[in-house]
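Chemist: Make a model of this:
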Amino acid sequence: MFLIGSYVAATYVGDNDMDGSCSLNAHHAPLVNNTNGSVAGYKYFNFDKLSDKHYVLSLNMNPRGINGTITVMIDSPWESKGGKVIGTLQLSDSDITERDYDIPVKLSRDIKGKHALYFRFSSDKVAQSLCDIYSFVFK
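Modeler: Next up, the predicted model:
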């Protein structure tokens, strides 16, 4: 059975690899199965230090070679419900390398305090994952 929609995958450390459980290079709780129409949210981030400056959101991820878009939003994953788009990343069918992908982030001065962060995934492929996201950080 193929699950439609994003979820956090369970990961396990082998008996002989206990140091790996603390390694920043190990993929802990990756966000997987990011299919068309999926939304993943993280609560809450304090945007006080980020307002009105130029930042990027760096996603460490493994694209799956599918044309699509990752839209980054705050407050809600839908603009009709008060969400604000702060960045987008276009993926192409040639993107298949695990690495950091940087998304320029646009924040206005009125974005202060704590906000939920959402990733919205879209593509023409209905039941195929765009990518696996391992970590993200604002730079």
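
Chemist: just to confirm, which helix or strand has the residue most central in space within the chain in it?
Modeler: Centroid-nearest residue in the chain, with CA atoms, centre = their mean: residue 119, separated by 5.2 Å. Assigned by DSSP states H and E, residue 119 belongs to strand 114-123.

Chemist: so the very next helix or strand once past that strand versus strand 114-123, what angle?
Modeler: Using DSSP H and E, the helix or strand that follows strand 114-123 towards the C-terminus is strand 131-138. Between the axes of strand 131-138 and strand 114-123, defined by axes from the mean of the first three to the mean of the last three CA atoms, to 10 degrees, the angle is 150 degrees.

Chemist: what's strand 131-138 packed up against?
Modeler: In terms of contacts (3 or more CB pairs under 8 Å, 6 or more residues apart in numbering; DSSP states H and E), strand 131-138 is packed against strand 31-32, strand 55-63. From N, CA and C alone the C-beta is placed, and that goes for glycine too.

Chemist: May I have the residues that are in contact with residue 71?
Modeler: Taking CB atoms under 8 Å, 6 or more residues apart in numbering, we find residue 71 in contact with 85, 87-88, 119-122.

Chemist: Taking strand 55-63 as reference, get the angle to the strand holding residue 119.
Modeler: Angle of strand 114-123 versus strand 55-63, following the same axes, to 10 degrees, is 40 degrees.

Chemist: backbone phi and psi for residue 75, please?
Modeler: phi 80, psi -40 (degrees, to the nearest 10).

Chemist: Pull the number of nearby residues for it.
Modeler: Residue 75 is flanked by 16 other residues according to other CB atoms under 10 Å.

Chemist: who does the strand holding residue 119 pair up with?
Modeler: Strand 114-123 pairs in its sheet with strand 39-46 (antiparallel), strand 68-74 (antiparallel), by DSSP bridges.

Chemist: Deepest-packed of those, please.
Modeler: Most buried of the strands paired with strand 114-123, by mean neighbour count (mean count of other CB atoms under 10 Å): strand 68-74, with a mean of 21.
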